[in-house]
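K.L.:
Compute the structure for the input listed below.
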Amino acid sequence: MNIVLMMAHGINTINLRKRKSSQPLDGPGVLTKRKYISDDPSDPYQMCHQCMKSDRKVVRCSQCRRRRYCFPCIEAWYPELSEEALTEACPCCRQCCNCKACLQRVNLLESEFSGDPKDNREKIRFFKYLLSFLLPFLEEFNHDQITEKNIEAKIRGSALSDLKIEKIDFSPNERVYWTSIVDFHRSCPNCSYDLCITCCKEIREGCLRGCDKEIVIQYIDRGEDYLHGTEPSVTSKRGRTSISCSKSNCGSEEMPLPEWKATELGEIPCPPEERGGCGHGKLELKCFFGESWVSELKEKAENLVVACGPAEVSQISGRCPCSESNDGGSVWDEQLRKASYRSSGDNDLYCPLASDIQPGKLEHFQRHWIMGEPIVVRDVLKLTSGLSWDPMVMWRAFRKISVKRGSSDLKVTAVDCLDSCEAWLGMNV
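P.N.:
Below you'll find the model as predicted:
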């Protein structure tokens, strides 16, 4: 009998414990964890679109009425958005959401302004504008190459029609774009010293610029840690920087370079070792794109001008009105930034908003750009496709990507500017 009563009592105890664990008790000091997944707009507790948690207070978007963001995620990932701004339009509606799903989507949203004109008439107008400024340069460049070919024919003692220029085959990884060589150039067959045709012309005229003296600049070595933003490695007892600077390792020294002249026929020898060459052999004329590539390009450009007509280019006379207005309260004050305090009238830089230089509003921008003035364009990221350049956001976008073994899709070549070297950087960290 006692055993039966104990078993019955145990069953009742177990059932009571099950009811206690399955039915939450509401009251003071009792916390209950709930999952708020309803669509009730008045319910402030719903799943956050960023962290996918549903036990936090969230802000609902009034534009899409579907997404919510909790306060910790707003503070961590969208500090520039206030609660009122996020209520008007959430990061997804603003195309700047950096949650896991949005970061790894395949189809990126189109930017508000990609830079390309959508109207064909406007596109043709832009092409004609570029052609009007590039054609004079192309004509001058073609004239320089023809002059160099005539000199080469004179050196070889052959007719211009019989002259054949050797075409160079270079690898895709060769950084030709770092130099000022576009097509025709002279190269040494012994040491591969290259010289552009502009420098060839200056050597023949005896006015080679910037190469009369070798300037050796000595600098203070403060250690590798100093290059990466830390304090110098050598300090004195008082805590101040104590780096010796003798006459032998500080300042700059000018050393005269050997003379470099062309022959009477215009032939240019390879420069001596002090100038970067080997001092032996003659520089031979070579090309990258073929002998007639530039002349054919010039002919095509001239045919386009004849077919499409001249471009509508506004006449630029003097300085822009915005640069001449230095008085306060001018309409141009918001687009100007003080760059210097010289006793001249060109101390301000033109700093337009990205929305001010869209199609139809490019005339003011072109006026400064064609004069060779530096321009600072503001708020460019507001017109992008929502991609974030924040390091933590970029890291989160890469770290969850699965890559097959041996694949190099997420391996990029980065340049360490402090050490002047290249390094492979794996993005799937």
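K.L.:
Mind jotting down where the strands sit in the stretch 201-350 of the chain?
P.N.:
Ranges of strands in the stretch 201-350 of the chain, per DSSP state E, counting those that start in this stretch, are 213-218, 251-256, 284-287, 336-338, 348-350.
K.L.:
Now do the third one: everything it contacts.
P.N.:
Outside strand 284-287, the residues within contact range by Cβ atoms under 8 Å, 6 or more residues apart in numbering are 148-149, 152, 165-168, 183-189, 293. All C-beta atoms are positioned from the backbone trio N, CA, C, and that covers glycine.
K.L.:
Return the residues in contact with residue 91.
P.N.:
Contacts for residue 91 were tallied using Cβ under 8 Å, 6+ apart; they are 69, 78, 81, 97-98.
K.L.:
Doesn't it lie inside a strand?
P.N.:
No. Using DSSP: H, G, I helix; E, B strand; the rest coil, the secondary structure at residue 91 is coil, not a strand.
K.L.:
if we can go back for a sec, among the contacts of residue 91, which one has the most neighbours?
P.N.:
residue 69 (27 neighbours; other Cβ atoms under 10 Å).
K.L.:
That residue: which element?
P.N.:
strand 68-70 (DSSP states H and E).
K.L.:
low-scoring pLDDT stretches of the stretch 151-300 of the chain, where are they?
P.N.:
Along the stretch 151-300 of the chain, the model assigns pLDDT under 70 to residues 172-178, 210-219, 226-255.
K.L.:
Tell me which stretches of it form helices.
P.N.:
Ranges of helices within the stretch 151-300 of the chain are 197-205, 224-227, 293-308, based on DSSP state H, counting those that start in this stretch.
K.L.:
what's the closest of those helices to residue 58?
P.N.:
The closest of the helices of the stretch 151-300 of the chain to residue 58 is helix 224-227. By Cβ to Cβ, the value is 45.5 Å.
K.L.:
which residues sit in contact with the closest residue to residue 134 other than its chain neighbours?
P.N.:
Using Cβ to Cβ, 6 or more residues apart in numbering and skipping the chain neighbours, the partner closest in space to residue 134 is residue 301 (7.3 Å). Taking Cβ under 8 Å, 6+ apart, we find residue 301 in contact with 131, 134-135, 138.
K.L.:
This protein - how does it break down into domains?
P.N.:
34-110, 120-212+257-308, 321-381, 389-426 (automatic domain parsing).
K.L.:
Could I get those domains in a markdown table, plus columns for distance to residue 223?
P.N.:
Below are these laid out as a markdown table (distance: least, Cβ to Cβ, whole Å):
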| stretch | distance to residue 223 |
| --- | --- |
| domain 34-110 | 36 |
| domain 120-212+257-308 | 29 |
| domain 321-381 | 34 |
| domain 389-426 | 12 |
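K.L.:
out of those domains, nearest to residue 221?
P.N.:
Minimum separation from residue 221 across the domains of the chain (Cβ to Cβ) falls at domain 389-426, 13.3 Å.
K.L.:
got a list of contacts for stretch 128-141?
P.N.:
Contact with stretch 128-141 is made by 182, 294, 297-298, 301-302, 304-305, 308-313, 366, 370, as judged by Cβ under 8 Å, 6+ apart.
K.L.:
Report the buried members of the contacts of strand 284-287.
P.N.:
Among these, those classed as buried by 16 or more other Cβ atoms under 10 Å are 148-149, 152, 165, 168, 183-188, 293.
K.L.:
Among those, which ones are in strands?
P.N.:
Using DSSP state E, the subset of these located in strands is 185-187.
K.L.:
Can I get the residues you listed in TSV including distance to residue 199?
P.N.:
Formatted as TSV, those follow (distance: Cβ to Cβ, whole Å):
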residue	distance to residue 199
185	9
186	9
187	12
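K.L.:
Nearest to residue 59, out of the residues you listed: which one, please.
P.N.:
Distance ranking of these against residue 59, using Cβ to Cβ, places residue 185 first at 62.4 Å.
K.L.:
separation between that closest one and residue 286?
P.N.:
Per Cβ to Cβ, to the nearest Å, residue 185 is found 6 Å from residue 286.
K.L.:
ok, now which ones touch the residue nearest to residue 272 when sequence neighbours are not counted?
P.N.:
Spatial nearest neighbour of residue 272, chain neighbours left out: residue 279 (4.3 Å); criterion: Cβ to Cβ, 6+ apart. Neighbouring residues of residue 279 by Cβ under 8 Å, 6+ apart: 269-273.
K.L.:
and the angle from the helix or strand hosting residue 133 to helix 197-205?
P.N.:
Following DSSP H and E, the helix or strand that holds residue 133 is helix 120-156. For helix 120-156 against helix 197-205, the angle by axes from the mean of the first three to the mean of the last three Cα atoms, to 10 degrees is 40 degrees.
K.L.:
Of the contacts of stretch 128-141, just the buried ones, ChimeraX syntax please.
P.N.:
Buried subset of these, written as a ChimeraX selection, criterion 16+ other Cβ under 10 Å:
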select :182,294,298,311
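K.L.:
Going by distance to residue 52, which of the contacts of stretch 128-141 wins?
P.N.:
Ranked by distance to residue 52 (Cβ to Cβ), these are led by residue 366 at 48.5 Å.
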